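>>> need a structure here:
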Amino acid sequence: MENWVKLTSFGTILCPLVVAGTIASTAQAQPQSGTEPISAPHVTLNVQRSSGKCPQRIGLWWFVLPYEGGAEHTVVADTREFADTTKLVSSNNKQFVEFVSPLRSNYASCVGRTRGQKHTFYNVEFKDEKAYFRVDLRKIDAPAHLITYKNVVASRPYVRWAIAD
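Next up is the predicted model:
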């Protein structure tokens, strides 16, 4: 019985400490405001339609990792609204890349393009029942800029490029 009293006394002291420690570590592990994963595109390119039925906008996930003297950019175009597949157009150009996506039947008549965007190096053109997503760094005014990686990931165009001062 004496051991039981000691164990109970020890438990009443230890239990609140364990609970407080668990609450503190759980609170630190929770994501803080603004650090949640981005599950939807956060940059929008508006589509200017010439004819046919077109999507109103194209979403991009665009991430920038700055470093001294420049930055690395990663962009993924959300083409899944209007196309099921995407292909990388073969090219050795380190400042231009193009992807082509056959349009779904409901957008096959679309003729249009993204225009008047703040970041003109990203653009999409709709014609001939296809969408052409392009990253064109040739007009960027910087001493060094090049595409370091390009591929199709989860049926979406994926491009990583770098820029330096």
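>>> since we're on Arg57, how many residues are nearby?
16 (other CB atoms under 10 Å). Glycine gets a C-beta too; all of them are placed from N, C-alpha and C.
>>> just checking, it touches Asn46?
Yes. The criterion here is CB atoms under 8 Å, and Arg57 meets it with Asn46 at 5.2 Å.
>>> is the residue nearest the centre of the chain in a helix, a strand, or coil?
Compute the mean C-alpha point of the chain, and by CA atoms, centre = their mean the closest residue is Trp61, 2.4 Å away. The three-state assignment at Trp61 reads strand, by DSSP: H, G, I helix; E, B strand; the rest coil.
>>> which stretches of the chain form helices?
Ranges of helices within the chain are 2-29, based on DSSP state H.
>>> what residues are up against the nearest residue to the residue nearest to the centre of the chain once chain neighbours are set aside?
Among residues not flanking Trp61 along the chain, Val76 sits closest, at 4.4 Å (CB to CB, 6 or more residues apart in numbering). By CB atoms under 8 Å, 6 or more residues apart in numbering, the contact set of Val76 is 60-62, 153, 156-159.
>>> go on, Ala142?
Ala142 touches 163-165, counting by CB under 8 Å, 6+ apart.
>>> buried members of these into PyMOL, please.
Buried residues among the contacts of Ala142 (16 or more other CB atoms under 10 Å), as a PyMOL selection:
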select buried, resi 163
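>>> which of the contacts of Ala142 fall within strands?
Judged by DSSP state E, strands contain the following of the contacts of Ala142: 163-164.
>>> straight-line length of stretch 67-87, end to end?
Stretch 67-87 has its terminal residues 31 Å apart, counting by CA to CA, to the nearest Å.
>>> quick check: buried residues in it?
The neighbour-count check on stretch 67-87 (16+ other CB under 10 Å) flags 70, 72-73, 75-79, 82-83, 86 as buried.
>>> from those residues, which land in strands?
Reading strands off those with DSSP E, I get 70, 72-73, 75-78.
>>> and the residues you listed, which is closest to Thr114?
Ala77 (10.5 Å; CB to CB).
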